[in-house]
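1. Take a look and give me a structure for this.
(chains A, B, C and D)
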There are 2 protein chains.
Amino acid sequence: MAETRPAPRRRRKEARPQELTAAALSLFVEKGFAATRLDDIAERAGVSKGTLYLYFDSKDALFKAVIQEGIVPALHAGEVLLDEYDDPLELLRAILLGWWERIGSTELGGIPKLMMSEARNFPDVALYYEQEVLQRGTALLRKAVARGVDRGVFRQVDPEAICSVLIAPLVYRAMWRHSFGPCCGQETDVAQYLNTYFDLILNGLLAPAPGGDAQ
Amino acid sequence: MAETRPAPRRRRKEARPQELTAAALSLFVEKGFAATRLDDIAERAGVSKGTLYLYFDSKDALFKAVIQEGIVPALHAGEVLLDEYDDPLELLRAILLGWWERIGSTELGGIPKLMMSEARNFPDVALYYEQEVLQRGTALLRKAVARGVDRGVFRQVDPEAICSVLIAPLVYRAMWRHSFGPCCGQETDVAQYLNTYFDLILNGLLAPAPGGDAQ
DNA sequence: ATTTAGTTACTGACTGGTCAGTAATTTAGA
DNA sequence: TCTAAATTACTGACCAGTCAGTAACTAAAT
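-> From the prediction side, this is the model:
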């Protein structure tokens, strides 16, 4: 049928949950969970507060939905890269740059900040997030690094410990965008930051070229 | 022995502000600013809520005091290192390791998490923090890196952009300790993390030995 | 040395506003 | 019409901030 209605009518059962979690995410990231009022979330989504309770049982339930719905889909995209790339160097770049482009530089980049802030207030969500997002992400990175070490492309490093070190500058920058960024002066150039970042870690990882020149 | 006083009410005008900001810091870091009740802060400090208002005008004022008192003293310690060390490599290690030992691994390590979470709710404090703490810290790091680049010990890198990249893994780890750490499984070994971290960044920074072996 | 008058650090019950959650009512769509 | 989506008006718990009162200390006067 004519499913693409141009004029959004007032009753939209299908689209509401997404609209509400999107509004909630941006406000949770901006103000924090406790300081965000449900009235504000509803207003941003273009509905009234009562409508919120048609789709979510409580403010806590809304928080959980925001986290679950936000990140999980993005993870799968990274995992397929393992098969798409063979060269460890290109694979690592693709994973890290992919994370930045799909998450860090988008609205989703607020989730790490939000989750970091609220982990201790929602231990069950934190545990879920740690296992389903962070562990899986770490495992992905670890495989990429391990592949490079095995082939002698990367130096001998501890694949377990290196993962947090590698991802930290990207997550840190993403958090910044959602905290100090809007308050303080203009952000430094992203491209320059990424260049310097890759330059540092790749030089730090690459084994000295055995025979001839590298790159 | 009438020693069993029900509530030993002690008068400690001098020590109170410190005790109150210390209690406030740990609770703000744990629960966030909005979710922390003044009654809880007072209780942890061993006083009543009324006493809080003898020393701080408002909850906001208490927040500001927590930030100001917490970090500024620790910064000076780093700045003197510039003159204590001549060798850029040792200087950089001393700065970064010093940050971890003085801040990251202590209770003060909660301040970056707190400030990151609340920056947008306290733009004036965020601006103060950004200028008086982050800018100064960055400037310190930048000088150390620039010295290394000038002397040819480090490769040509952008001293401006590299600073955030260098400090991020330490800050990230410090934040972790105060968010996921208490919720999720045991932390990975800190020493191993630091070793891997220094191994990566120093290999990433060091210029290839020009003639033969260095040092 | 004791009493007593004055000062100050501290307490905890109270208030007024805010906000999560609910129930009654309205309105859109079949 | 009849159902379901959405709104509006409401409630009650919670909490920052207040203030009248109390305990602890100090010092002047005896």
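2. going forward, measure contacts and count neighbours with C-alpha atoms only.
-> OK.
3. For residue A:199, which three-state class applies?
-> Here residue A:199 is helix, with the state taken from DSSP: H, G, I helix; E, B strand; the rest coil.
4. residues touching it, list them.
-> residue B:204 (Cα atoms under 8 Å, 6 or more residues apart in numbering or on different chains).
5. ok, it to DNA strand D distance?
-> From residue A:199 over to DNA strand D the distance is 46 Å, taken as Cα to the nearest atom of the strand, to the nearest Å.
6. ditto for residue A:36
-> Here residue A:36 is placed at a distance of 14 Å from DNA strand D (Cα to the nearest atom of the strand).
7. That residue belongs to a strand, doesn't it?
-> No. Assessed with three-state DSSP, residue A:36 is coil; it does not lie in a strand.
8. Just to check, it is in contact with residue A:29?
-> No. Using Cα atoms under 8 Å, residue A:36 is not in contact with residue A:29, being 9.3 Å away.
9. Please identify which of the two sits among more neighbours.
-> More crowded of residue A:36 and residue A:29, by other Cα atoms under 10 Å in any protein chain shown: residue A:29, with 26 against 17.
10. contacting residues for that one?
-> Counting by Cα under 8 Å, 6+ apart, residue A:29 touches A:110-111, A:113-114, A:178.
11. and stretch A:49-68, average pLDDT?
-> Stretch A:49-68 carries an average pLDDT of 94.
12. again with stretch A:190-197
-> Mean predicted lDDT for stretch A:190-197 stands at 96.
13. I'd like to know which of the contacts of residue A:29 are part of strands.
-> Judged by DSSP state E, the subset of the contacts of residue A:29 located in strands is empty.
14. mind checking pLDDT for the residue lying closest to residue A:110 once chain neighbours are set aside?
-> Sequence neighbours aside, residue A:29 is the residue nearest to residue A:110 in space, at 5.6 Å (criterion: Cα to Cα, 6 or more residues apart in numbering or on different chains). Here the pLDDT value assigned to residue A:29 is 96.
15. Which helix or which strand is home to residue A:29?
-> Element membership for residue A:29 (DSSP states H and E) is helix A:16-31.
16. ok, then the element right after that helix?
-> Downstream of helix A:16-31, the next assigned helix or strand under DSSP H and E is helix A:38-45.
17. Go through the helix or strand just after that following helix and flag the buried ones.
-> Counting by DSSP H and E, the next helix or strand C-terminal to helix A:38-45 is helix A:49-55. Across helix A:49-55, burial judged by 16 or more other Cα atoms under 10 Å in any protein chain shown covers A:49, A:52.
18. Show residues contacting helix A:49-55.
-> Here helix A:49-55 has contacts from A:16-17, A:20, A:38-39, A:41-43, using Cα under 8 Å, 6+ apart.
19. cool, stretch A:59-74 as well?
-> For stretch A:59-74, using Cα under 8 Å, 6+ apart, the contacting residues are A:21-22, A:24-25, A:33, A:38, A:56, A:102-103, A:108, A:111, A:115, A:125, A:129, A:132-133.
20. at 10 Å what do you get?
-> For stretch A:59-74, the surrounding residues in contact (Cα atoms under 10 Å, 6 or more residues apart in numbering or on different chains) are A:17-18, A:20-26, A:28, A:33-34, A:36-38, A:52-53, A:55-56, A:98-99, A:102-103, A:107-112, A:114-115, A:118, A:122, A:124-126, A:128-129, A:132-133.
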